Every structure is written in C-alpha cells, then in structure tokens.
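Novice: okay, sequence plus prediction incoming.
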Amino acid sequence: MPVTVLTGFLGSGKTTLLARLLRDPALGRTAVIINEFGEIGLDHDLVETSDESFVQLSTGCLCCHVRSDLVLALGDLAARRAAGTLPPFERVVIETTGLADPAPILHALMTDRDLADVYALDGVVTAVDAITGLVTLDRHAESLRQAAVADRIVLTKTDVPEARAHALRARLAAINPGARVLEIVRGEVAPSALFDSGLFSTAGKHPDVAAWLAHDAGGEPHAHHRDDISTFCIVRDEPVRAATLALFLSALAENCGADLLRLKGIVRIAEEPERPAVIHGVQHVYHAPVWLERWPSNDRRTRMVFIGCNIRASWARALLELIEEEVADETARRSISRAECAQSA
C-alpha cells in the first residue's frame, strides 16, 4: 500500500493542499495521519474526507518519537483495516508538522520490517511558501531538509504579489535538482501530479540526503529542534468581537514580525457565533480571516495555536485581554453616546 509523506515548513500550505486533494474522487479511499506540533490540533477540523477515508490526529512531533508513534500508528491502522473496523483504505498520506526533519520518518518507513509487509514509501511531497520560502530556507535547517528529500515540490501562494517564485525555483533547483516543481494557487492540483511517483529513492537528490538516512540507520531516529522555538495555545469559551480579532492580529504583526513562525486558529466571533473564522499567519504575513459556513465539530471554542521564537504565552494572552477591554470600553462609550443623542433628539 503506497504511503506518501506530505511535508513543508510552518505555514507553507500543507493543510490547504491536503484538503483540496481529498475532495478528488481519486483519493476516496485514503487514510490520513495529521501530525501537529503542540498540545491542541486544529488541522483535522479543517480537512473533510469522504465516507471511505478518514483522518487520525497525532500531536507532538513524529520525527522526535518516530518508533513509538508513527510505526505503532501505521501498524494499528493495518490491523484495524484487516479486522474490518476501518474503511478499506488503499493509500496513506502522512502530513508532518512544519518543524519535522523528514529523514527519520523516511528511514522508519523504508526499514521497519513489520511495516514493509503492508506499506511502501511512494514518495515525498514538499510544500514551499512562495512568499517566505527563501528566507525560511536560509533560517531553518528543517525547511532545507524538507526540500532536499522531495520527489515533488509544490510552490504555494504564487498568486500573491509578494511571491518570489522565479528566485525560489532557482534556489530549489540547487537544493534538489531531481524534484519536479509545480506552482499552484489555493491548493488546486490534480492528485496524479503528486502521487504514484514510484518507490522513494535518493537518486537525483542532494548528496546529503543519503547521508542523513544513513546516519539515522545507526540507532533510534530522533531530532532536536531549536530551544528557542516553542508553542502555546489560547483557548476561550467566550466569543471574540470582530474588532478585537482584527486589532489583535495587527498588533501581533507589528510586534512579533518573523519571530512568530506560525499562527493558526478557529475563532468564535461574537457577531457571527454560528460561522467560525479561520485565521492564518506566517511570520510577517497575515491573511484575512476565512469564514466557514458551519463549525466543523462540536467544539465551538476559540482555539489559537502559536509557534514562535522567544514569544511568551503570558504576553500574547495579556495582549488579547487588553485589546478586548479597550474594544469593550469603546463599544460601551459609543452605545451611551448614541443613547444620549437619541434622547436629545
């Protein structure tokens, strides 16, 4: 059974790409393992599947605990499929966290004897942000490795004016001359362009790829992330005013810049409590909220996940509370002013 690894740095568009792909009937019988870095996962709420496919969530980082998490998860899926307790899926897609070094994951898939009886590594698809990709490749070794091991590289957000697709293509060609590079907009791409690339091979890839895999063969695969990268969540039962959210995102962009590697969230807005807003931020780039027609699950709390360098959770929470208080005071002041005007009229 083919297994495809979907990787890419934080905010590169992996979940958007996956959500679009799973709408295609060609991927109707697909099992998806979504790995998220942090205590709370959101991506599984944003990915819809058919009746014959499903999503399994894994929090933490697979590249740090690949033997205990990934191997056991794949083994469990195979056993449940054989027992008939899961849909008869025909393909597996593993979406890694944006901080994952993919080499330990690939090594486990290629060498574990139990998995080899059921699964075969079909290929690696790496998403690269056309806006922040060049800077990310320079600053983060994980991003470099993700591009180097790819069989297919997908350039996302190429329709945005700030995109630097041409320069990024040249850089990626130097890193991985054997990978096919595709430019897409909003995740639109045919599954046939990304999947069924044949058994994974280091041929045509950067020479370091074979060395990385050989290094992992010496023992238990593991990875070490930079100590200054951390993650935290803001979870709220009360809805957030639209003005509060707009001011909060603006303040984050102004004060955090590139240190806030990734912000994603699903927010309950006071003015539209039945239609959640999905927010995304990548370094200094913040996208306008996307409104969903309905809540994807019974959990209707606001959940925002932050991944950044030297950003304190207490500061972010205090910032949101301060803005919320100011917006509430201004709303109350305007209500009083309108009431006084109505009385005088």
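Specialist: Right, received. Where do you want to start?
Novice: what helices or strands is whichever strand or helix holds C341 leaning on?
Specialist: Using DSSP states H and E, C341 falls within helix 313-344. When contacts are defined as 3 or more CB pairs under 8 Å, 6 or more residues apart in numbering; DSSP states H and E, helix 313-344 packs onto strand 229-236, helix 242-256. C-beta here means a position set from N, CA and C on the backbone, and glycine is covered the same way.
Novice: what about T97, which helix or strand?
Specialist: T97 belongs to no helix or strand, assigned by DSSP H and E.
Novice: shift numbering so it begins at 11
Specialist: Sounds good: first residue 11 from here, last item T107.
Novice: so how many other residues sit close to it?
Specialist: 28 (other CB atoms under 10 Å).
Novice: and the helix holding C351, how far out from the chain's middle?
Specialist: Distance, stretch centre to chain centre, for helix 323-354: 34 Å (CA atoms, centre = their mean, to the nearest Å).
Novice: for stretch 284-291, same thing?
Specialist: 15 Å.
Novice: before we move on, the earlier item: same question for the helix holding C351, mean pLDDT?
Specialist: With pLDDT averaged residue by residue, helix 323-354 scores 84.
Novice: and the angle from it to strand 239-246?
Specialist: For helix 323-354 against strand 239-246, the angle between stretch directions is 30 degrees (axes from the mean of the first three to the mean of the last three CA atoms, to 10 degrees).
Novice: next, the angle from helix 323-354 to helix 252-266.
Specialist: Interaxial angle, helix 323-354 versus helix 252-266 (the same axes, to 10 degrees): 140 degrees.
Novice: so for helix 323-354, what gets flagged as buried?
Specialist: By 16 or more other CB atoms under 10 Å, the buried positions in helix 323-354 come out as A326, L330, I333, E334, V337.
Novice: if we can go back for a sec, of the helices and strands packed on helix 323-354, which is nearest V134?
Specialist: strand 239-246 (22.7 Å; CB to CB).
Novice: and that closest one, which strands flank it?
Specialist: strand 312-319 (antiparallel) (DSSP bridges).
Novice: could you list the buried residues of the strand it pairs with?
Specialist: T312, R313, M314, V315, F316, I317, G318.
Novice: show me what the residue nearest to the third one when sequence neighbours are not counted is bridged to.
Specialist: Once its chain neighbours are removed from consideration, M314 has its nearest residue in G275; the separation is 3.4 Å (CB to CB, 6 or more residues apart in numbering). For G275, the beta-bridge partners under DSSP bridges are I289, M314.
Novice: just checking, A130 touches L84?
Specialist: No - in this structure, A130 is not within contact of L84 by CB atoms under 8 Å, at 11.7 Å.
Novice: between these two, who's got more neighbours?
Specialist: Under the criterion of other CB under 10 Å, the comparison of A130 against L84 puts L84 first, with 24 against 14.
Novice: sorry, back to before: shared neighbours of A130 and L84, anything?
Specialist: With contacts taken as CB atoms under 8 Å, 6 or more residues apart in numbering, A130 and L84 have V13 as neighbours in common.
Novice: check which residues of the helix or strand containing T14 are buried.
Specialist: Assessed by DSSP H and E, T14 sits inside strand 12-18. By neighbour count on 16+ other CB under 10 Å, the buried set for strand 12-18 is P12, V13, T14, V15, L16, T17, G18.
Novice: quick one: secondary structure of A29?
Specialist: Using DSSP: H, G, I helix; E, B strand; the rest coil, the structure places A29 in helix.
Novice: tell me where the stretch 161-310 of the chain is predicted with low confidence.
Specialist: 207-214, 216-218, 220-238 (pLDDT under 70).
Novice: would CSV of the buried residues of strand 12-18 with pLDDT be doable?
Specialist: Converted to CSV, the buried residues of strand 12-18 look like this (pLDDT from 0 to 100):
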residue, pLDDT
P12, 90
V13, 91
T14, 91
V15, 91
L16, 93
T17, 92
G18, 92
